Structures are given as structure tokens and as C-alpha cells.
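Engineer: what follows is a protein structure lacking sequence information:
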Ligand SMILES: Cc1cc2nc3c(=O)[nH]c(=O)nc-3n(C[C@H](O)[C@H](O)[C@H](O)COP(=O)(O)O)c2cc1C
């Protein structure tokens, strides 16, 4: 029933320009028109990390719900957790339109939105209002910096302070390709310095209340970059790394007419690149650090491959545009079957299985 409704609606959504289609989808979800497929998950999918319980390991990745408007409806689709943002201290409108492009034959998207968002105060208020409803759900907050800000660390600290008591985890996003200079924060000294500032800020909250601190990296990294990132994460005892954001590369074989548009590419063509970085960081951190695998997940096979390559949790965004909300239940069902078929009792046992 819900799936048929989606089929009918998606026919029209695909005829709209992608950003309008996204806004219409958010509006419909806010009106309660989304399917409610949230039901008790198969126990084999349960995951426990950072003292938090995830009913399943499949999350909504940052950028879909930048402004915390559809947390409840996205959890109702069956996601095990939702990451809101990226959110910057001050509201900003992002880059000029058009800035979002579909590559349908490639099941990919290129975006150069540039952190359009309502700013930390408005978004924190919405998260607070949602928390006040008492609904269960793990919600992470992805932090960015304003385009015109000269002090990146101060922006992330402001975000961390705004959300430290509201977020189940915080993400320092140093990997969006659409904010000039942002990716340079992945350099060894820059990253170390930035994380030190944020750790001091969140460390001022009592140890029990302190949210786990993660950062999110790009897939476009040299071997040296990866070694540096892993070393900094371990030295700083970071709680986890999200791998990866969109790529500025354009893998061979893209069909979409929009393939030369500037911005970050996501979806299927990103998969090999993101999986390679995931496996490399898993190895470089000795399998000790929780990793969230994201980039090109469009099926249970893709999700399982990321877990076996070292991901304790996974996330997706682009495939939702092409396959609609039924995708989440399909992935969960297939994942549970695969875990059982391979003799695993839970997700944790399968993490990094291909690299052991
Ligand atoms: C339209 C769009 C907007 C995005 N905005 C953000 C963002 O604000 N912050 C962020 O960390 N990642 C953002 N991302 C990246 C996704 O969270 C994800 O890392 C990437 O798209 C790869 O996953 P996918 O192939 O499943 O989409 C965005 C992606 C898309 C397609």
C-alpha cells in the first residue's frame, strides 16, 4: 500500500527539478504522508556502540534532513539512526541554484549545495522539541562551518556546545567539497588542532553526558592522508570516523549528462572508492575504532560488504532518491539473512570479517 503510494508520487517527483523534489518530499514527510514501516527489528541487527543501543545498523546519512525537520518520519521508515545537518553556526543560503543534479543511469547525484541550513540555534530548538515528544531514536548531529567564517575551530566549537546535550553523537564534517578550504582540515596538523579544540569544549560537559565525537572524511585521499588521519584519530582517542563523504573525482563510465557539473558525486559510482578508504582506515586503526560506512549503499549486499570491510554501522542517502523508502526494510531483511547464512550471531561479529 505504502509502496504503491510512493510509486505514484515518485513519478511526479522525478519530473521536478531535484531540489524542488527534495523539498516536496520533506513537506510530505512532515505532513505524515510517509510510510510507517518502523516495527521491532530482528534482534540479530541490534548494535551497541558508545553506550547507545541501535535497533539496526542502517542509518540516514547527513544532508537529507539538514534542518531536523523529519527526524520522526525518517525513523518511522525503519532507519536505525538519523544524522541531521550539516549545520553551521549562522544560517546560510548555500550556493546559487541549480546546485543538485541527478545522474539516473548511474544511480548517482552531484551536489554543490554548500551547507544551506537554518543555523545551529533553530536546528537545536527543533531537535529539542522532538526530544520533548519522548519518542525513542538515535540522532547524531553533523557540524559544519560557515563559508565566510575565518575561524573554523570556533565554528565547530560553537556547534558542539549547542548540541552537546542533545545529540547522541557529534560529527565534525571536514569533508564537504562545497565549502572552500574545508577539506584542508583533514591534514595532520590541522585535524589534530581542530579536534583538540572541540575535545576541550565537549570535555567540559560531565563525562557521562559527553556525546561521542566522530569526524567524517572524504574518499579522495592519498595513502599518506589516510595514515595521518588514522594516527590523529587514535592519538586523540576519537570515538569514531565516518567514511565517506562525496567524491570530487569522476570515475570512468559515468553516463549522466550532468557528470561534468562541479560538486560532490554520491551514489553507486562512489562505492569502490568509499569501500577502499573504509578498509584502509579499518586496517590502519587496527580494527579498534568504530567506523560508519557510507557511500553508494543501494542494497543489502552493499551494506553487508561495508560491514565486512570494517563498518560497525552504515548510512545511505542517494539510493533513497532512486529506490524510495521501501529500500530500508529491504536492506534490513537481506542483511539479517546474510548474517545468519554466514553463521554470525550479531552485526559486531561480522565487522571487518573480510580483513581478518
Ligand atoms: C544532496 C546531498 C547533500 C549532502 N549534504 C551533506 C551534508 O550536509 N553533510 C555531510 O556530511 N554530508 C552530506 N552529504 C553526503 C552524504 O551524507 C553521504 O556521505 C554521501 O552522499 C555518500 O552516501 P550515498 O552514496 O549513500 O549518498 C550530502 C549528499 C547529498 C547527495
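Structural biologist: Sure, I can see it. Note that the structure is a prediction, hence the values are computed from the model and not measured.
Engineer: phi first, then psi, for the closest residue to the ligand within the stretch 1-150 of the chain.
Structural biologist: Closest residue of the stretch 1-150 of the chain to the ligand, Cβ to the nearest ligand atom: residue 63 (2.2 Å). C-beta: built from backbone N, CA, C; applies to glycine. With angles defined as degrees, to the nearest 10, residue 63 sits at phi 110, psi -20.
Engineer: what's the closest non-adjacent residue to it?
Structural biologist: Nearest non-adjacent residue to residue 63, counting by Cβ to Cβ, 6 or more residues apart in numbering: residue 317, 5.9 Å away.
Engineer: give me the pLDDT value at the one you found.
Structural biologist: pLDDT, residue 317: 98.
Engineer: on that earlier part again, neighbours around the residue of the stretch 1-150 of the chain closest to the ligand, how many?
Structural biologist: Taking other Cβ atoms under 10 Å as the neighbour definition, residue 63 ends up with a count of 25.
Engineer: what do you get for residue 25?
Structural biologist: Residue 25 has 22 nearby residues by other Cβ under 10 Å.
Engineer: which SSE is it in?
Structural biologist: helix 18-30 (DSSP states H and E).
Engineer: what's that helix in contact with?
Structural biologist: 9, 13-14, 16, 34, 65, 69-70, 73-74, 97-102, 109, 321 (Cβ atoms under 8 Å, 6 or more residues apart in numbering).
Engineer: list buried members of those by neighbour count.
Structural biologist: 9, 13, 34, 65, 69-70, 73-74, 99-102, 109, 321 (16 or more other Cβ atoms under 10 Å).
Engineer: what about the residue of the stretch 151-300 of the chain found nearest the ligand, which SS state?
Structural biologist: Shortest the stretch 151-300 of the chain-to-the ligand distance, computed as Cβ to the nearest ligand atom: residue-wise this is residue 266, at 3.1 Å. Taking DSSP: H, G, I helix; E, B strand; the rest coil as the rule, one finds residue 266 in the strand state.
Engineer: ok, now which ones touch residue 263?
Structural biologist: By Cβ under 8 Å, 6+ apart, residue 263 lies in contact with 99, 101, 110-112, 177-178, 246, 248.
Engineer: please repeat the previous calculation with a cut-off of 7 Å.
Structural biologist: 110-112, 177-178 (Cβ atoms under 7 Å, 6 or more residues apart in numbering).
Engineer: and the residue lying closest to residue 115 once chain neighbours are set aside, what is it in contact with?
Structural biologist: Of all residues not flanking residue 115 in the chain, residue 144 sits nearest, at 4.8 Å (Cβ to Cβ, 6+ apart). Residues in contact with residue 144 (Cβ under 7 Å, 6+ apart) are 85-88, 115, 173, 176, 179.
Engineer: could you do residue 307 as well?
Structural biologist: Counting by Cβ under 7 Å, 6+ apart, residue 307 has contacts 314, 347, 350-351.
Engineer: ok, back up a step: with distance to residue 79 and neighbour count as extra columns, can I get the contacts of residue 263 in JSON lines?
Structural biologist: Shown next, in JSON lines, are the contacts of residue 263 (distance: Cβ to Cβ, whole Å; neighbours: other Cβ atoms under 10 Å):
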{"residue": "110", "distance to residue 79": "24", "neighbour count": "27"}
{"residue": "111", "distance to residue 79": "20", "neighbour count": "24"}
{"residue": "112", "distance to residue 79": "26", "neighbour count": "19"}
{"residue": "177", "distance to residue 79": "25", "neighbour count": "20"}
{"residue": "178", "distance to residue 79": "24", "neighbour count": "23"}
